[in-house]
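Asker: Let's see this in three dimensions:
(one chain, ligands or ions: 1)
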Amino acid sequence: MKELVFATNNKHKLQEVSEMLDGIVLIKSLNDIGLAGDIPETADTLDGNALQKAQWVYERTGLDCFADDTGLEVEALDGRPGVYSARYAGEHCSFDDNINKMLSEMQGKTNRRACFRTVICLIENGEPRYFEGRVDGQILTERYGKEGFGYDPIFMPDRFAVSFAEMPLEVKNHISHRGKAVAKLVEYLKK
Ligand code: IMP
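Answerer: Below is the predicted model:
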(Lines give C-alpha, C1' and ligand atoms only; values in the text may rest on other atoms or scores of the structure.)
Protein backbone atom coordinates (compact mmCIF):
# COMPACT_ATOMS: atom_id res chain seq x y z
CA MET A 1 0.00 0.00 0.00
CA LYS A 2 1.18 3.52 -0.77
CA GLU A 3 2.62 5.37 2.23
CA LEU A 4 2.15 9.06 2.91
CA VAL A 5 3.40 11.15 5.80
CA PHE A 6 0.79 13.51 7.24
CA ALA A 7 2.58 16.69 8.30
CA THR A 8 0.63 17.52 11.45
CA ASN A 9 1.14 17.47 15.20
CA ASN A 10 -2.63 17.62 15.78
CA LYS A 11 -3.78 14.19 16.98
CA HIS A 12 -7.45 14.94 16.25
CA LYS A 13 -6.66 15.66 12.60
CA LEU A 14 -4.47 12.58 12.40
CA GLN A 15 -7.34 10.43 13.67
CA GLU A 16 -9.92 12.05 11.34
CA VAL A 17 -7.78 11.75 8.23
CA SER A 18 -6.41 8.28 9.03
CA GLU A 19 -10.00 7.02 9.31
CA MET A 20 -10.89 8.49 5.92
CA LEU A 21 -7.82 7.01 4.22
CA ASP A 22 -8.09 3.61 5.90
CA GLY A 23 -7.46 0.83 3.35
CA ILE A 24 -6.38 3.32 0.64
CA VAL A 25 -3.13 4.79 1.93
CA LEU A 26 -0.96 3.94 4.93
CA ILE A 27 -0.69 7.18 6.88
CA LYS A 28 2.50 7.78 8.80
CA SER A 29 2.56 10.40 11.52
CA LEU A 30 5.59 12.58 12.26
CA ASN A 31 6.00 10.46 15.38
CA ASP A 32 6.07 7.25 13.27
CA ILE A 33 8.99 8.58 11.21
CA GLY A 34 10.78 10.15 14.21
CA LEU A 35 10.49 13.74 13.01
CA ALA A 36 10.07 16.22 15.85
CA GLY A 37 9.78 19.97 15.98
CA ASP A 38 7.42 22.84 15.33
CA ILE A 39 6.22 22.93 11.74
CA PRO A 40 6.37 26.52 10.44
CA GLU A 41 3.11 28.14 9.40
CA THR A 42 3.91 31.71 8.46
CA ALA A 43 2.27 32.22 5.05
CA ASP A 44 -0.76 34.47 4.67
CA THR A 45 -2.90 32.07 2.62
CA LEU A 46 -4.20 28.54 3.26
CA ASP A 47 -2.41 27.28 0.11
CA GLY A 48 0.84 28.90 1.25
CA ASN A 49 0.67 27.36 4.72
CA ALA A 50 -0.27 23.89 3.44
CA LEU A 51 2.69 24.02 1.02
CA GLN A 52 5.03 25.30 3.73
CA LYS A 53 4.08 22.48 6.14
CA ALA A 54 4.35 19.74 3.50
CA GLN A 55 7.66 21.15 2.25
CA TRP A 56 9.06 21.16 5.78
CA VAL A 57 8.60 17.37 5.92
CA TYR A 58 9.69 16.76 2.33
CA GLU A 59 12.94 18.70 2.73
CA ARG A 60 13.85 16.68 5.84
CA THR A 61 12.83 13.21 4.66
CA GLY A 62 12.38 13.14 0.87
CA LEU A 63 9.17 11.16 1.55
CA ASP A 64 5.84 11.68 -0.21
CA CYS A 65 3.71 13.68 2.22
CA PHE A 66 0.81 16.05 2.62
CA ALA A 67 -0.31 18.82 4.94
CA ASP A 68 -3.55 20.66 5.43
CA ASP A 69 -4.41 24.17 6.47
CA THR A 70 -7.84 25.29 7.57
CA GLY A 71 -9.48 28.63 8.20
CA LEU A 72 -12.82 29.64 9.67
CA GLU A 73 -14.18 32.56 7.62
CA VAL A 74 -16.96 34.54 9.26
CA GLU A 75 -19.06 36.89 7.11
CA ALA A 76 -19.82 39.42 9.87
CA LEU A 77 -16.08 39.64 10.60
CA ASP A 78 -15.16 40.23 6.94
CA GLY A 79 -13.72 36.74 6.59
CA ARG A 80 -11.72 36.73 9.81
CA PRO A 81 -10.06 34.83 11.46
CA GLY A 82 -9.39 32.91 8.19
CA VAL A 83 -5.80 31.83 7.84
CA TYR A 84 -5.16 33.09 11.40
CA SER A 85 -7.82 30.83 13.01
CA ALA A 86 -5.33 28.93 15.21
CA ARG A 87 -3.92 32.15 16.72
CA TYR A 88 -7.14 34.19 16.71
CA ALA A 89 -7.01 34.92 20.47
CA GLY A 90 -3.21 35.28 20.65
CA GLU A 91 0.06 33.49 19.97
CA HIS A 92 -0.21 30.52 22.36
CA CYS A 93 -3.95 30.52 22.91
CA SER A 94 -6.14 27.46 23.50
CA PHE A 95 -9.19 26.29 21.53
CA ASP A 96 -11.25 27.59 24.44
CA ASP A 97 -9.67 31.08 24.23
CA ASN A 98 -10.50 31.20 20.52
CA ILE A 99 -14.12 30.21 21.12
CA ASN A 100 -14.48 32.81 23.88
CA LYS A 101 -13.14 35.53 21.60
CA MET A 102 -15.42 34.44 18.74
CA LEU A 103 -18.53 34.40 20.98
CA SER A 104 -17.70 37.84 22.29
CA GLU A 105 -16.95 39.36 18.85
CA MET A 106 -20.18 37.83 17.50
CA GLN A 107 -22.34 39.03 20.38
CA GLY A 108 -25.43 40.79 19.01
CA LYS A 109 -24.58 40.01 15.35
CA THR A 110 -27.56 38.78 13.35
CA ASN A 111 -25.56 37.56 10.34
CA ARG A 112 -23.89 34.43 11.72
CA ARG A 113 -22.92 32.87 8.37
CA ALA A 114 -19.46 31.28 8.26
CA CYS A 115 -17.53 28.62 6.45
CA PHE A 116 -14.57 26.37 7.10
CA ARG A 117 -12.16 26.04 4.21
CA THR A 118 -9.36 23.44 4.01
CA VAL A 119 -6.53 23.24 1.53
CA ILE A 120 -4.46 20.06 1.34
CA CYS A 121 -1.06 20.19 -0.33
CA LEU A 122 0.26 16.80 -1.45
CA ILE A 123 3.95 16.55 -2.36
CA GLU A 124 4.53 13.52 -4.53
CA ASN A 125 7.94 12.97 -6.12
CA GLY A 126 8.72 16.58 -5.17
CA GLU A 127 5.69 18.03 -7.02
CA PRO A 128 2.98 19.92 -5.07
CA ARG A 129 -0.73 19.41 -5.83
CA TYR A 130 -3.69 21.10 -4.10
CA PHE A 131 -7.13 19.83 -3.01
CA GLU A 132 -9.78 22.07 -1.45
CA GLY A 133 -12.91 21.47 0.64
CA ARG A 134 -15.47 23.80 2.18
CA VAL A 135 -18.48 23.59 4.48
CA ASP A 136 -20.96 26.42 5.07
CA GLY A 137 -22.89 26.99 8.28
CA GLN A 138 -23.43 29.30 11.23
CA ILE A 139 -21.66 30.44 14.37
CA LEU A 140 -23.80 29.45 17.38
CA THR A 141 -24.33 31.74 20.37
CA GLU A 142 -22.95 29.22 22.89
CA ARG A 143 -21.04 25.90 23.02
CA TYR A 144 -22.79 22.62 22.20
CA GLY A 145 -21.20 19.15 22.39
CA LYS A 146 -17.92 17.61 23.49
CA GLU A 147 -16.61 15.86 20.36
CA GLY A 148 -14.04 17.13 17.87
CA PHE A 149 -11.74 20.09 18.46
CA GLY A 150 -11.16 23.76 17.68
CA TYR A 151 -14.32 25.71 16.90
CA ASP A 152 -16.49 22.54 16.61
CA PRO A 153 -18.75 23.34 19.63
CA ILE A 154 -19.87 26.67 18.09
CA PHE A 155 -20.16 25.70 14.39
CA MET A 156 -23.42 24.27 13.03
CA PRO A 157 -23.19 23.10 9.41
CA ASP A 158 -26.08 23.83 7.02
CA ARG A 159 -28.84 21.18 6.88
CA PHE A 160 -28.02 19.99 10.44
CA ALA A 161 -29.55 21.03 13.74
CA VAL A 162 -26.47 20.17 15.82
CA SER A 163 -22.91 21.50 16.12
CA PHE A 164 -19.87 19.64 14.76
CA ALA A 165 -19.03 18.77 18.39
CA GLU A 166 -22.36 16.95 18.79
CA MET A 167 -21.77 14.68 15.77
CA PRO A 168 -20.09 11.28 15.62
CA LEU A 169 -16.76 11.56 13.80
CA GLU A 170 -18.01 9.58 10.77
CA VAL A 171 -20.80 12.12 10.20
CA LYS A 172 -18.48 15.11 10.58
CA ASN A 173 -15.93 13.51 8.24
CA HIS A 174 -18.61 12.99 5.61
CA ILE A 175 -19.61 16.66 5.37
CA SER A 176 -16.67 18.65 6.71
CA HIS A 177 -14.22 20.95 4.93
CA ARG A 178 -11.36 18.51 5.63
CA GLY A 179 -13.55 15.51 4.69
CA LYS A 180 -14.29 17.02 1.29
CA ALA A 181 -10.65 17.95 0.66
CA VAL A 182 -9.56 14.44 1.68
CA ALA A 183 -12.22 12.93 -0.63
CA LYS A 184 -10.61 14.82 -3.53
CA LEU A 185 -7.18 13.60 -2.44
CA VAL A 186 -8.52 10.01 -2.33
CA GLU A 187 -10.05 10.36 -5.80
CA TYR A 188 -6.67 11.50 -7.09
CA LEU A 189 -4.72 8.75 -5.30
CA LYS A 190 -7.06 6.05 -6.60
CA LYS A 191 -6.37 7.03 -10.22
P1 IMP B 1 -4.93 24.47 10.98
O2 IMP B 1 -4.05 25.62 10.67
O3 IMP B 1 -5.32 23.69 9.81
O4 IMP B 1 -4.42 23.64 12.11
O5 IMP B 1 -6.32 25.07 11.51
C6 IMP B 1 -6.36 26.31 12.13
C7 IMP B 1 -7.36 26.33 13.26
O8 IMP B 1 -8.67 26.15 12.70
C9 IMP B 1 -7.20 25.22 14.29
O10 IMP B 1 -6.35 25.59 15.32
C11 IMP B 1 -8.60 25.07 14.80
O12 IMP B 1 -8.86 26.01 15.80
C13 IMP B 1 -9.44 25.40 13.58
N14 IMP B 1 -9.91 24.17 12.92
C15 IMP B 1 -9.30 23.47 11.94
N16 IMP B 1 -10.04 22.40 11.59
C17 IMP B 1 -11.13 22.43 12.39
C18 IMP B 1 -12.27 21.58 12.53
O19 IMP B 1 -12.45 20.54 11.86
N20 IMP B 1 -13.17 21.96 13.45
C21 IMP B 1 -13.03 23.07 14.24
N22 IMP B 1 -11.99 23.87 14.16
C23 IMP B 1 -11.05 23.57 13.24
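Asker: For this structure, list the residue farthest from the centre, please.
Answerer: G108 (27.7 Å; C-alpha atoms, centre = their mean).
Asker: And what about that residue, helix, strand or coil?
Answerer: coil (DSSP: H, G, I helix; E, B strand; the rest coil).
Asker: ok, it to the ligand distance?
Answerer: Distance, G108 to the ligand, using C-beta to the nearest ligand atom, to the nearest Å: 23 Å. For the C-beta atoms, the positions are set from N, CA and C on the backbone; glycine is no exception.
Asker: now A76
Answerer: Taken as C-beta to the nearest ligand atom, the span from A76 to the ligand is 18 Å.
Asker: pretty sure that residue is in a helix, no?
Answerer: Yes. Remark: A76 belongs to a helix, assigned using three-state DSSP.
Asker: Pick out the residue of this protein closest to the ligand.
Answerer: Using C-beta to the nearest ligand atom, the closest approach of the chain to the ligand is made by G150 at 2.3 Å.
Asker: okay, now that residue: neighbour count?
Answerer: G150 has 20 neighbours, counted by other C-beta atoms under 10 Å.
Asker: For the protein, which segments are assigned as strands?
Answerer: Shown for the chain, the strands assigned by DSSP state E span residues 3-6, 26-28, 65-74, 81-82, 113-124, 127-139, 155-157.
Asker: top helix in this protein by residue count?
Answerer: helix 46-61 (DSSP state H).
Asker: returning to what we had before: in a markdown table, list the strands of the chain along with distance to A181 and mean neighbour count.
Answerer: Putting the strands of the chain into a markdown table (distance: least, C-beta to C-beta, whole Å; neighbours: other C-beta atoms under 10 Å) gives the following:
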| stretch | distance to A181 | mean neighbour count |
| --- | --- | --- |
| strand 3-6 | 13 | 20 |
| strand 26-28 | 15 | 17 |
| strand 65-74 | 7 | 26 |
| strand 81-82 | 16 | 19 |
| strand 113-124 | 4 | 22 |
| strand 127-139 | 3 | 17 |
| strand 155-157 | 15 | 22 |
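Asker: do the helix-or-strand element of the chain with minimal mean pLDDT and the ligand meet?
Answerer: Using mean pLDDT, DSSP states H and E, the weakest-scoring helix or strand in the chain turns out to be helix 11-20, at a mean of 88. No. Helix 11-20 stays clear of the ligand (C-beta under 6 Å from any ligand atom), getting no nearer than 7.0 Å.
Asker: Report the distance from that helix to the chain centre.
Answerer: From the chain centre to the centre of helix 11-20 is a distance of 10 Å (C-alpha atoms, centre = their mean, to the nearest Å).
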